[in-house]
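**Q** Kindly generate the corresponding structure for this input.
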Amino acid sequence: KLMHSVVAKHGNGQIIGHCALTFDGTHNVSPEAGKMMVDPNFRGQHIAENMAKERIEIAQELSLPGFWTECVTNHPYSQHEMITFNAKETGLFIGDTPATISMKGLENHPDTRMSLLAFYLQLNDRPHTIFMPAQHAEHAKSLVKDLNIQRNIVSTNIAASGTTTFHTVINSSIQTANIAIDRIGSDLVTAVKHELTKLEALNLASIYLDIPIEQEAAAHAYLDLESIGFFWGSWMPNFSTKGDMLRLQKIYQPVDVETIVCAREQGYSIKKFVLSEWERVTKK
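**A** Have a look, this model is predicted:
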């Protein structure tokens, strides 16, 4: 199954809430926890919290290593919910959601796209080796410690060989695209640049790029991708059957980062790191 839903039903049969675990395909073992919706008339009755508990039980029944989620940043409520379950901040997707999406009874910012704070909830970790550039190793180590998982972080400068393979998904409703690298090859930058030429014609707000960091050439590839404007989005532990993935991002539209609200200091620390990476890479 690609989606496992939790539905909240009122005594009269009315559907008043929903959330789900959504898999990106058969290779994806740490799915996205999302699609959370609660009828505004039933807010404040712990419906979201109870559905989220049920969702964790489903994840445990499926023996998943964990799951990740994106929390809105126009308010801290959904972040607090994830924190309650001991999820940890792993990244920030800048301006992921159009300003046209608004939430009833909550603060909205109609003049800027909304950013999403990424969290990971660790359940049954699968320890392995990941490859990171030396300058990002410390940040990765701090996340590993925070998540209480085991990783052997190796910084190498090994260049890839062979041909890059990837697949792209376009989400025109929110003006984003995702390039997922399956195999890092020596032609990575050329292949990605060629794909960007096609995607940039679509006037997108953000383009994401997933890099499999269990592949030895990942550290070198990460630095190559920075040279064409990609920077840290979020680390996704145990994303695939093969290991961890790092989602990089490239931003094409202005975003008011002052509107990004975090629930606690760890969130603001991630925000600061990602924004500083954006600034550093943009200046290159």
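**Q** so residue 20 makes contact with residue 34?
**A** Yes: counting by CB atoms under 8 Å, residue 20 touches residue 34, with 6.6 Å between them. Where C-beta positions appear, they are placed from N, C-alpha and C, glycine not excepted.
**Q** More neighbours: which of those two?
**A** Taking neighbours as other CB atoms under 10 Å, residue 20 and residue 34 compare with residue 20 leading, 21 against 18.
**Q** Give me the local confidence score for the more buried one.
**A** At residue 20, the pLDDT value in this model is 93.
**Q** in a strand, that's where it is, yeah?
**A** Yes: Residue 20 sits within a strand when classified using DSSP: H, G, I helix; E, B strand; the rest coil.
**Q** For it, give me its contacts.
**A** Residues in contact with residue 20, defined by CB atoms under 8 Å, 6 or more residues apart in numbering, are 3, 4, 5, 6, 33, 34, 35, 55.
**Q** Now do the helices in the stretch 101-250 of the chain.
**A** Taking DSSP state H, counting those that start in this stretch, the helices of the stretch 101-250 of the chain run over residues 134-147, 188-200, 218-226.
**Q** Tabulate those helices (CSV), appending mean neighbour count.
**A** Output for those, formatted as CSV (neighbours: other CB atoms under 10 Å):
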stretch, mean neighbour count
helix 134-147, 16
helix 188-200, 15
helix 218-226, 21
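**Q** Other residues contacting the lowest-mean-pLDDT helix or strand in the chain?
**A** Using mean pLDDT, DSSP states H and E, the weakest-scoring helix or strand in the chain turns out to be strand 32-38, at a mean of 86. For strand 32-38, contacts defined as CB under 8 Å, 6+ apart pick out 5, 8, 16-22, 24, 47-48, 51-52, 55, 59, 67-70, 78, 121.
**Q** quick one: which of these sit in helices?
**A** If you go by DSSP state H, the contacts of strand 32-38 have 47, 48, 51, 52, 55, 59, 78 in helices.
**Q** do you know how far residue 116 is from residue 14?
**A** Look at residue 116 and residue 14: by CB to CB, to the nearest Å, they are 29 Å apart.
**Q** if we can go back for a sec, take the helices of the stretch 101-250 of the chain and lay them out in JSON lines including distance to residue 239 and mean pLDDT.
**A** Below are these laid out as JSON lines (distance: least, CB to CB, whole Å; pLDDT from 0 to 100):
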{"stretch": "helix 134-147", "distance to residue 239": "14", "mean pLDDT": "95"}
{"stretch": "helix 188-200", "distance to residue 239": "19", "mean pLDDT": "98"}
{"stretch": "helix 218-226", "distance to residue 239": "13", "mean pLDDT": "98"}
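**Q** With adjacent residues omitted, what lies nearest to residue 282?
**A** Once flanking residues are discounted, residue 282 sits nearest to residue 229: 7.2 Å by CB to CB, 6 or more residues apart in numbering.
**Q** ok, now residue 256?
**A** Excluding its sequence neighbours, the residue lying closest to residue 256 (CB to CB, 6+ apart) is residue 112, at 3.9 Å.
**Q** For the one you found, report the pLDDT, please.
**A** The model's pLDDT for residue 112 equals 78.
**Q** Strands of the stretch 51-200 of the chain, start to end?
**A** Under the criterion DSSP state E, counting those that start in this stretch, strands of the stretch 51-200 of the chain are mapped to 66-72, 88-97, 114-122, 128-131, 151-154, 165-171, 176-183.
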